[in-house]
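1. Here's my sequence, what's the structure:
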Amino acid sequence: MKSGKKVIRVALAILCMVSMLFISEYQKVEVYAASGYGFIFLSAYEKTLKTGDTYCLSVVSSGSKKPTFTSSDSKVVSVNTYGKITAKKAGSATITAKTKNAEASCKVTVTKTKVTLNKTSLTLENGESAVLTAASSTGHKVTWKSAKTSIASVSENGKVTAKKPGTTTVTAKVDGTSVNCKVTVKSPTVRLMPSKISLYRREKYKLKVSSTSKTTPVWKTNKKSVATVDETGKVTAVKHGTAVITVTVDGVSKNCEVTVRSPKITFEQTTITLHPGERARVNATVSSGNQPAYSCSNSNVVSVDANGVITAKAAGRSYVYASEDGTKERMTVYVKEKE
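-> This next block holds a predicted model:
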């Protein structure tokens, strides 16, 4: 009985040696010591991979059944039932192939992905764009992210677009390795010309704004009853008084003080005399060039129309007024019966 076991051991040893020679010559693998009455050989006992790489671990064993594969850390390296290894993230793990009578291991090292950016800092003004370029040792897809998208956004291709003044961080990530670029969106230089204007009612004036930003200026007035402003910066005087026109670009504001002046009104004549039924036109000159509004103090004596034409009605006296934007002047009209 003992001699029979001895014969079996010798036969296994010879078979192991033959197998080692066969695998060494044709498969170019290292030999792993046989365990018990079986043996198992791997195509690699150490392997270095990059994240995302795969490798098929070939196995030759004495058993009739295929070996089972396990990973000491499947978060770093995974292995399927056929021995296909997948590198997941930087680190190391041991892949073990095991049969009923033998086992062998392969140490797999996953190198950390190197990622570089063409810029580590970037300064833009609102509305401007720039493209960041990332390169990695694996050549895998880059994932982009902005910490504050309200300040600057980044596209899937690394295009950074400034949105408002402030600072944010744009991150390029490949295989778990990240690199950052500090993005500063600076406040623009804004100039408003002029800083003061004087107008009469109904006059218009176009303010000029220059800015280093591409953002559209926003205009507003603090007193619409005195002066208004449209989206292009055109100011319209409404009535006498003072208003402030403000233009804002990316949080930077500039002001223009608008004074709407009260006009001067001058009559060509201060008094006239008419007979009942007669007409006369009076001319009131307004310094603003606007047409005055006419009225009278005694409509039983005279009437006056919008053009300043006076009609005498009955004997007596009346004042005729010319008014424009808070200014009011008068002349005297006497109506006498014909003698």
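2. Please parse the protein into its domains.
-> 2-111, 115-186, 190-261, 265-335 (automatic domain parsing).
3. any chance you could map the strands in the stretch 1-150 of the chain?
-> Ranges of strands in the stretch 1-150 of the chain, per DSSP state E, counting those that start in this stretch, are 40-42, 46-50, 54-56, 59-61, 68-71, 77-79, 84-87, 91-98, 103-111, 115-117, 121-125, 129-131, 134-136, 143-146.
4. Which one of the ones you listed lies nearest to Val209?
-> strand 121-125 (15.2 Å; C-beta to C-beta). (Glycine included, C-beta is placed from N, CA and C.)
5. Show me what the closest one is packed up against.
-> Packing contacts for strand 121-125, counted by 3 or more C-beta pairs under 8 Å, 6 or more residues apart in numbering; DSSP states H and E, involve strand 159-162, strand 177-186.
6. What angle do strand 177-186 and that strand make with each other?
-> 30 degrees (axes from the mean of the first three to the mean of the last three C-alpha atoms, to 10 degrees).
7. Now do the buried residues in strand 121-125.
-> Leu122, Leu124, Glu125 (16 or more other C-beta atoms under 10 Å).
8. That strand: how far from the chain's middle?
-> In terms of C-alpha atoms, centre = their mean, to the nearest Å, the centre of strand 121-125 is found 13 Å from the chain centre.
9. Walk me through which strands it pairs with, and which way each runs.
-> The strands beside strand 121-125 in its sheet (DSSP bridges) come out as strand 177-186 (parallel).
10. Could you give me the buried positions within the strand it pairs with?
-> Thr177, Val179, Cys181, Val183, Thr184, Val185, Lys186.
11. from the residues you listed, which is closest to Lys100?
-> Using C-beta to C-beta, those come closest to Lys100 at Thr177, 41.4 Å.
12. can you tell me which residues contact the closest one?
-> By C-beta atoms under 8 Å, 6 or more residues apart in numbering, the contact set of Thr177 is Ala90, Lys112, Thr113, Lys114, Val115, Ser136.
13. hmm, 6 Å instead?
-> By C-beta atoms under 6 Å, 6 or more residues apart in numbering, Thr177 lies in contact with Thr113, Val115.
14. separation between it and Val131?
-> 21 Å (C-beta to C-beta, to the nearest Å).
15. what do you get for Tyr334?
-> Taking C-beta to C-beta, one finds Tyr334 at 85 Å from Val131.
16. More neighbours: those two, which one.
-> Between Tyr334 and Val131, counted using other C-beta atoms under 10 Å, Tyr334 has the larger neighbour count: 16 against 12.
17. Give me the pLDDT value at the closest residue to the more buried one other than its chain neighbours.
-> Nearest residue to Tyr334 in three dimensions, chain neighbours excluded: Thr273, at 4.5 Å (C-beta to C-beta, 6 or more residues apart in numbering). If you check Thr273, the pLDDT there is 96.
18. tell me which residues in the strand or helix carrying Thr273 are buried?
-> Assigned by DSSP states H and E, Thr273 belongs to strand 271-274. Under the neighbour-count criterion of 16+ other C-beta under 10 Å, strand 271-274 has Ile272, Leu274 buried.
19. Repeat that for stretch 164-177.
-> For stretch 164-177, by 16+ other C-beta under 10 Å, it's Lys164, Pro165, Gly166, Thr168, Val170, Thr171, Ala172, Lys173, Val174, Asp175, Thr177.
20. so the fourth one makes contact with Val154?
-> No. Counting by C-beta atoms under 6 Å, Thr168 does not reach Val154; the two are 9.2 Å apart.
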